[in-house]
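*Asks:* Quick one, what's the 3D model for this:
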Amino acid sequence: MTSTHAVPPAHPGTVPAPPQEAVAPLMRGIALLHGLTDVGGAASLSDLARATGLARATVDRVAGTLAHMGYLRLDGSSAALEPRLMELGNAYLGALRLPDVLGEHADGLADELDESVSLAVADGDGIRFIHQAIRRRTLSLSFRIGDLLPAERTAPGPLLATEWSAQDWTRWRERQALDPEDLGFPAIPPRSHGAVAEDFETRVDRARVQGWAMDDQLIETGLVAVSVPVRAPDGRIACVASTVSHTSRHSADSLRDSLLPRLRATVAAMERELTDADAPSPETRSAPSGRAAWTRESKQELGGEFIASLARGLTVITAFGEGRAELTLSEVATHTGLPRATARRALITLEHLGHVTVHGRVFRLTPRVLALGFPPLSRTTLARIAHPHLTALTQRVHESTSLAVLMGDDVQCAVSVAAGRIMDADIVVGSRTPAYATSTGRVLLAGLPPEECSSRLARLRMGALTPRTVTKPADLRTILDQVREEDYALVDGELEAGLRSIAVPVRDREGSLVAAINVTMHSGRRSASECVEAVLPELRATAVRTETDLHLAGRFVRVPPL
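*Replies:* Numbers count the residues shown, from 1 in each chain. All right, here's what the predicted structure looks like:
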């Protein structure tokens, strides 16, 4: 039987019937996003139809709408989550403010202890991560921001459960009966025995008395963690900070004895930060976001294939954010530009699905918003972000494109998209070329701080790769000054005879230069002036699209280049 509105809850259980005013297309869209999230971010449309219980034709329309919004990428009969979807999770994290206020403390503790540190909040009878400072090792944590874990198998869980209501405990017991193996939590391996659940209430009582809790290999053999609650000024638990290690480095006892005191000291600093933190200035709420008008235009352009009610419903989530943690119905309508009736129905639907709570006249986002794609996308890289944009650029200019990062005195190719010509630039991912003789290298060298750039040029060995290669540091310094001024570099036959390339920078949220993208071609196909006139505008537009996704993805997570 095909369901028109089913969406999995945070864990298996009874799904209450939706309110009469619920927006069915919004429920279907969220079901699809949950399904893609649970399988790692990519799946065939047929598999999504089976996983969600939706008809294949419905899945096609929903996926097409989400792709038009920039939330999915469709490749034939498959769908993959796109970084723009992270704006939904960013809205929740921005409204919560805890990652911004406490994240540096968690990162500093991770550096000091050389162990992973996380921040988690309650989500129903589970815990959901809102910040991760992971130490990269061969044996390393795979948890991501937004992952949901059962409270009873974690160190934060007993602490958060000290604030559970009787209704919370009833839900937890129902879930234990319905899902004894924790199959509703795809981020962890299934549970092999019931002792974890049987001991949980005892662990909660102990955590209430001790003020801290441990996980001694409850999630997986070898994994140990200790947690301390971070309390808000009113005494309630704002989040829980945890230090996580492996039994090859710490037993549960040594983790408690050696790391718990330092964790407690950091939590004390976090609590002072929460007490001292000024409330953010509310953002202007009178100007609509523009998404409502865009949705109307998209409906006119695409007709019945575009599900406007789905787009409007997800737009409601983006009304929240920093300075907008609590919004009234009128404020949601004002900020999104949606009619009050439309915003109201969307909020009713989101509340039913557990993504919004209502307190009197104000609405708040819940941690479940992070389940809309954030976990798999939080581990993205600049290379993955750039690849579809470079593919589109290659299709427009019919030349090979690539993205490179600076590695010492070389540039390393992180992404390469070939044009498929008989005579084509062969740029292999992972390959290195001298920075001084390439367009990407000159963009990246020009973006270095002046002192670092000068010191590099002073020690650089600049051999003649072709008769046209610039080999004098003074000449290169002049060229780099021009690159800084014009914000692009063009290299003609200096790396290889007959090879011409043009590159522009890619910058992160702080404006730091992190990579360069280029177009490479045989010099006989376009003159240098034609490259500047025809290719450079397309290249710059691609850089803007890449940066837009990078800035979204990098709001609360670190995006590595590779």
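
*Asks:* quick one, what contacts residue 33?
*Replies:* With Cβ atoms under 8 Å, 6 or more residues apart in numbering as the criterion, the residues that contact residue 33 are 66, 71, 81, 85, 372, 373. Where you see a C-beta, it was placed from the backbone N, CA and C, and this is true even at glycine.

*Asks:* Could you report the distance from residue 77 to residue 29?
*Replies:* 19 Å (Cβ to Cβ, to the nearest Å).

*Asks:* Quick check on the two: which one has the bigger neighbour count.
*Replies:* Set side by side, residue 77 and residue 29 show more neighbours around residue 29, with 26 against 12, by other Cβ atoms under 10 Å.

*Asks:* contacting residues around the more buried one?
*Replies:* Counting by Cβ under 8 Å, 6+ apart, residue 29 has contacts 62, 65, 66, 307, 310, 313, 314.

*Asks:* in a helix, that's where it is, yeah?
*Replies:* Yes: applying DSSP: H, G, I helix; E, B strand; the rest coil, one finds residue 29 inside a helix.

*Asks:* Which parts of the stretch 1-150 of the chain are helices?
*Replies:* Here the stretch 1-150 of the chain has its helices, by DSSP state H, counting those that start in this stretch, at 24-38, 45-52, 56-68, 86-96, 98-113.

*Asks:* I'd like those written out as TSV, with distance to residue 240 added.
*Replies:* Below are the helices of the stretch 1-150 of the chain laid out as TSV (distance: least, Cβ to Cβ, whole Å):
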stretch	distance to residue 240
helix 24-38	23
helix 45-52	31
helix 56-68	33
helix 86-96	14
helix 98-113	11
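
*Asks:* Compare those and report which one is nearest to residue 148.
*Replies:* Proximity to residue 148, assessed across the helices of the stretch 1-150 of the chain by Cβ to Cβ, is greatest for helix 24-38 (10.0 Å).

*Asks:* Show me which positions of the closest one end up buried.
*Replies:* 25-38 (16 or more other Cβ atoms under 10 Å).

*Asks:* Any chance of those in TSV with pLDDT as columns?
*Replies:* Shown next, in TSV, are these (pLDDT from 0 to 100):
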residue	pLDDT
25	97
26	97
27	97
28	97
29	97
30	97
31	96
32	97
33	97
34	96
35	94
36	96
37	96
38	93
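
*Asks:* any chance you could map the strands in the stretch 201-350 of the chain?
*Replies:* With DSSP state E, counting those that start in this stretch as the criterion, the stretch 201-350 of the chain has strands at 213-216, 223-231, 237-246, 327-328.

*Asks:* which residues touch residue 302?
*Replies:* residue 68.

*Asks:* How is this protein divided into domains?
*Replies:* 24-90+284-377, 98-276, 382-553 (automatic domain parsing).

*Asks:* what about the last one, how long is it end to end?
*Replies:* For domain 382-553, the separation between the terminal residues is 9 Å (Cα to Cα, to the nearest Å).

*Asks:* What's the local residue count around residue 209?
*Replies:* If we define neighbours as other Cβ under 10 Å, then residue 209 has 8 of them.

*Asks:* where are the low-confidence patches of the stretch 351-500 of the chain?
*Replies:* 421-425 (pLDDT under 70).

*Asks:* Please enumerate the helices of it.
*Replies:* Under DSSP H, counting those that start in this stretch, the stretch 351-500 of the chain gives helices at 374-377, 382-397, 439-446, 450-459, 473-486.

*Asks:* what angle do the lowest-mean-pLDDT helix or strand in the chain and helix 56-68 make?
*Replies:* Ranking every helix and strand in the chain by mean pLDDT, DSSP states H and E puts helix 291-302 at the bottom, with a mean of 78. Counting by axes from the mean of the first three to the mean of the last three Cα atoms, to 10 degrees, helix 291-302 lies at 130 degrees to helix 56-68.

*Asks:* sorry, back to before: identify whichever of the helices of the stretch 351-500 of the chain lies nearest to residue 361.
*Replies:* Of all these, helix 374-377 comes closest under Cβ to Cβ, at 28.2 Å.

*Asks:* what residues does the closest one touch?
*Replies:* 37, 40-41, 81, 83, 85-86, 88-89, 144-147, 187, 553.

*Asks:* Equivalent analysis for stretch 312-320, please.
*Replies:* Here stretch 312-320 has contacts from 23, 25-26, 29, 69, 71, 87-88, 91-92, 94-95, 289, 291-292, 295, 327, 331-332, 335-336, 338, 342-343, 346-347, 349-350, 355, 364-365, 369, using Cβ under 8 Å, 6+ apart.

*Asks:* rerun that using 7 Å as the cut-off
*Replies:* Residues outside stretch 312-320 that contact it (Cβ atoms under 7 Å, 6 or more residues apart in numbering) are 23, 26, 29, 87-88, 91, 95, 289, 291-292, 295, 327, 332, 335-336, 338, 342-343, 346-347, 349-350, 365, 369.

*Asks:* and these, which are buried?
*Replies:* Buried, going by 16+ other Cβ under 10 Å: 23, 26, 29, 87-88, 91, 95, 291-292, 295, 327, 332, 335-336, 338, 342-343, 346-347, 349-350, 365, 369, out of the contacts of stretch 312-320.

*Asks:* Backbone torsions only: list them for the residue lying farthest from the centre of the chain.
*Replies:* Most distant from the centre of the chain: residue 467, at 46.0 Å, with distances by Cα atoms, centre = their mean. Dihedral pair for residue 467: phi -60, psi -20, per degrees, to the nearest 10.

*Asks:* which residue sits closest to it in space, ignoring its chain neighbours?
*Replies:* Sequence neighbours aside, residue 497 is the residue nearest to residue 467 in space, at 7.9 Å (criterion: Cβ to Cβ, 6 or more residues apart in numbering).

*Asks:* do residue 293 as well
*Replies:* residue 337 (6.6 Å).
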